[in-house]
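>>> Sharing a model that was predicted from the sequence below.
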Amino acid sequence: MATEFKLPELGENIESADIINVLVKVGDMIEKEQSIIEIETDKATIEVPSNISGKIAEVLVKQGDSVKVGQTIIKVDEGGKKEAKAETKSETVTKAEAKKLEKKSETKKEVKEPVQSGPGEIVEFKVPDLGENIESADVINVLVKKGDIIAKDQGVIEIETDKATIEVPSSVEGKVIEVNVKTGDKVKVGDVLIKVESTSVTPVTKKEEIKVKEEPAKKPAQVTSEKVESPKGELPELKPGERDDQPPILQGSAPAAPSVRRIARELGVNINKVPGSGEGGRISMDDVKAYVKKIMQGGVESVGLGIKKETLPDFSKFGSVDIAEMTKIRKTTADHLSYAWATIPQVTQFDKADITQLEKTRKELSPEVEKEGGKLTVTSILLKIIYAALKEFPQFNSSINMDTKQIIYKKYFNIGVAVDTERGLIVPVIKNVDKKKLVQLSIELGELAKKARERKISLEELQGGCFTITNLGGIGGTYFSPIINSPEVAILGVSRGNYEPVYNNHGVFEPRMMLPLSLSYDHRIIDGADAIRFLRFVIEALENPIKLLI
């Protein structure tokens, strides 16, 4: 008869949790303390270990479910333990066998050379590394189905990460025999997406070397790996400051009473960052108060801390409402800009550039650029000008490390350009602007903007920026205060150019095309005088491009 494994007590009045990953499947052999599911509570993300062993007969939950304490997670056939023991019996060497090994303190198990799996082999295609510590993504479209014949580099699924919406290309070719994901699923790096009956050879990883370690005479020798690692699901050893009296489900979380945690939440404090002064690092109310006091004095990181959170009213009391979930890109944008606004002492400098002559020249040269497949715009011209300004004022091409109190000066020139898309703001980065001609920059700018709007932008094309340009001139407006794209230290906002009466040197008003510019900068590294010098450099280059040649 199958034994039910239920969600255990989570502590601190937590009654439910969201499942973010199911770590087992029907047919798996599991041991006690092996992780079954990964859940997220309002306190932390934790793995739930099993308290029984055997063969899994049924899995009753899936990723994305909300489960309550006491709810059945899996059913296990504990009779399967015998089978499990039989499978692992070969791992223990008997006394008689140990005697045969006395002459050898350690021997290597035979390791075969890498072999090739030929056509007809079943190959698993997994979620590849997504870069920049991105561990998961949302599936927004599955592009293949069972029975399809796919080629290498063919798109398999469309996913949305914190950075962008991208297609994941297959690294194998053949016939799809199984699709393990569907639209709306959340997948992690390493998850199996599809299984393919391969039509090409695939390398197989070399087996790991293992050693035979001698044990005392009373114990049979054990075959153990040279590199010993805790199997997935086993609880790691306690780190300094962790309490060993926590329930297994809470091992690794900050040791503090519920009342202390509640006060920390109300104050906006991350309880895991508070150093505990009690036994075993236990955190007291006084520790939280001392931490907050240090924050207010600028002694520790204080993003959004010390500010009381206001609860939103029930808007439906005043009329009908619609509620929509933020897209992943919108969530990331909100978090990133909140961080930038809270941590960067930002100042914005405003000025205007007379682009009357530039506009005339731009229109004359546009047909030549269009023949090459690009479009000559003020933004593409600004790419070249900003590169020259960054070279002239290196503090604008830097980042700040407040932990080490260091300034990182960059010797490369990568410039991001903000693109308005249906799913939110995306900033593709044009690399090595200093090494490209204006025509090439115009072509690349158009291609990246198109890819961003069509959700085909890659992660690599969103990374490595030194400075950002955001141009709202095509929509309207006069001036605005753009938020710095951290860890950069400056951003240039461009508004709509308009003809204005300008008093010339001959004492006469004449119509001139004036372009409003807004430069936001990080006052920790850039002073106001340097900021206006930078902006005047940009303006003079727009008004008289020949200056760049000089």
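Structure received.
>>> Ramachandran coordinates for residue 503?
Recorded main-chain torsions at residue 503 are phi -80, psi 110, according to degrees, to the nearest 10.
>>> per-residue confidence at it?
If you check residue 503, the pLDDT there is 90.
>>> Centre of the chain to stretch 60-70, how far?
Once both centres are worked out by C-alpha atoms, centre = their mean, to the nearest Å, stretch 60-70 turns out to sit 25 Å from its chain's centre.
>>> Just the endpoints, please. Distance across that stretch?
Across its full length, stretch 60-70 reaches 13 Å end to end, with C-alpha to C-alpha, to the nearest Å as the criterion.
>>> those helices in the stretch 151-300 of the chain, which residues are they?
Secondary structure of the stretch 151-300 of the chain (DSSP state H, counting those that start in this stretch): helices at 258-267, 285-296.
>>> of all these, which has the lowest average per-residue confidence?
Taking the mean pLDDT of the helices of the stretch 151-300 of the chain, helix 258-267 comes last: a mean of 69.
>>> so how many other residues sit close to residue 156?
By other C-beta atoms under 10 Å, the residues close to residue 156 number 24. (C-beta placed from N, C-alpha, C; glycine too.)
>>> I'd like the distance between it and residue 458.
15 Å (C-beta to C-beta, to the nearest Å).
>>> Just list the residues touching residue 464, thanks.
If a contact means C-beta atoms under 8 Å, 6 or more residues apart in numbering, then residue 464 has 412, 414, 429, 431 as its contacts.
>>> Of these, select the buried ones using a PyMOL command.
Command for PyMOL that selects the buried part of the contacts of residue 464, burial taken from 16 or more other C-beta atoms under 10 Å:
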select buried, resi 414+429+431
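>>> So for the most centrally placed residue in the chain, what's the nearest residue that isn't a sequence neighbour?
Within the chain, the residue whose C-alpha comes closest to the C-alpha centroid is residue 134; the distance, by C-alpha atoms, centre = their mean, is 3.5 Å. Nearest-residue entry for residue 134: residue 161, 5.1 Å, with adjacent residues in sequence omitted and distances by C-beta to C-beta, 6 or more residues apart in numbering.
>>> from the chain's centre, how far out does stretch 179-192 sit?
Here the centre of stretch 179-192 is set off from its chain's centre by 17 Å, with C-alpha atoms, centre = their mean.
>>> From start to finish, how long is stretch 447-463 in a straight line?
As for stretch 447-463, its first-to-last residue distance stands at 16 Å under the measure C-alpha to C-alpha.
>>> tell me which residues in that stretch are buried?
448-449, 451-452, 455, 457, 459, 461-463.
>>> How about stretch 503-513?
Along stretch 503-513, these residues count as buried under the neighbour rule (16+ other C-beta under 10 Å): 512-513.
>>> send the alpha carbons of that stretch over as CSV?
As requested, C-alpha coordinates have been extracted for stretch 503-513 and formatted as CSV (Å, rounded to 0.1, in the frame of the first residue of the first chain):
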residue,chain,number,x,y,z
TYR,A,503,18.2,86.0,-31.4
ASN,A,504,21.2,85.8,-33.7
ASN,A,505,24.5,87.7,-33.7
HIS,A,506,23.1,90.3,-36.1
GLY,A,507,20.4,91.3,-33.6
VAL,A,508,17.6,89.6,-35.5
PHE,A,509,15.2,86.8,-34.5
GLU,A,510,15.3,83.9,-36.9
PRO,A,511,13.7,80.4,-36.9
ARG,A,512,16.0,77.7,-35.7
MET,A,513,15.4,74.0,-35.1
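>>> List the contacts of that stretch.
By C-beta under 8 Å, 6+ apart, the residues outside stretch 503-513 that reach it are 354-356, 359, 497-502.
>>> of those, buried ones?
For the contacts of stretch 503-513, a neighbour count by 16+ other C-beta under 10 Å gives the buried set as 354-356, 497.
>>> before we move on, the earlier item: now for the contacts of stretch 503-513: which two are most distant?
359 and 501 (16.9 Å; C-beta to C-beta).
>>> Any stretches of the stretch 251-400 of the chain with poor pLDDT?
Within the stretch 251-400 of the chain, the stretches with pLDDT under 70 are 251-254, 257-259, 262, 265-266, 295-310.
>>> what's around residue 405, how many residues?
Other residues within reach of residue 405 by the criterion other C-beta under 10 Å amount to 7.
>>> tell me the pLDDT at it?
Reported pLDDT for residue 405: 85.
>>> With residue 518 instead?
The predicted structure scores residue 518 at 97 on the pLDDT scale.
>>> cool, the one 4 residues further on as well?
You'll see residue 522 listed with a pLDDT of 94.
>>> Which residue is the nearest non-sequential neighbour of it?
In space, residue 522 is closest to residue 489, 4.0 Å off (C-beta to C-beta, 6+ apart).
>>> So which residues of the stretch 51-200 of the chain form strands?
Residue ranges of the strands in the stretch 51-200 of the chain, as given by DSSP state E, counting those that start in this stretch, are 54-59, 66-68, 72-77, 116-117, 122-126, 136-142, 149-150, 155-160, 165-169, 174-179, 186-188, 192-198.
>>> JSON lines for the ones you listed, including distance to residue 535?
Conversion of the strands of the stretch 51-200 of the chain to JSON lines gives the following (distance: least, C-beta to C-beta, whole Å):
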{"stretch": "strand 54-59", "distance to residue 535": "61"}
{"stretch": "strand 66-68", "distance to residue 535": "52"}
{"stretch": "strand 72-77", "distance to residue 535": "60"}
{"stretch": "strand 116-117", "distance to residue 535": "61"}
{"stretch": "strand 122-126", "distance to residue 535": "49"}
{"stretch": "strand 136-142", "distance to residue 535": "39"}
{"stretch": "strand 149-150", "distance to residue 535": "52"}
{"stretch": "strand 155-160", "distance to residue 535": "37"}
{"stretch": "strand 165-169", "distance to residue 535": "35"}
{"stretch": "strand 174-179", "distance to residue 535": "54"}
{"stretch": "strand 186-188", "distance to residue 535": "44"}
{"stretch": "strand 192-198", "distance to residue 535": "49"}
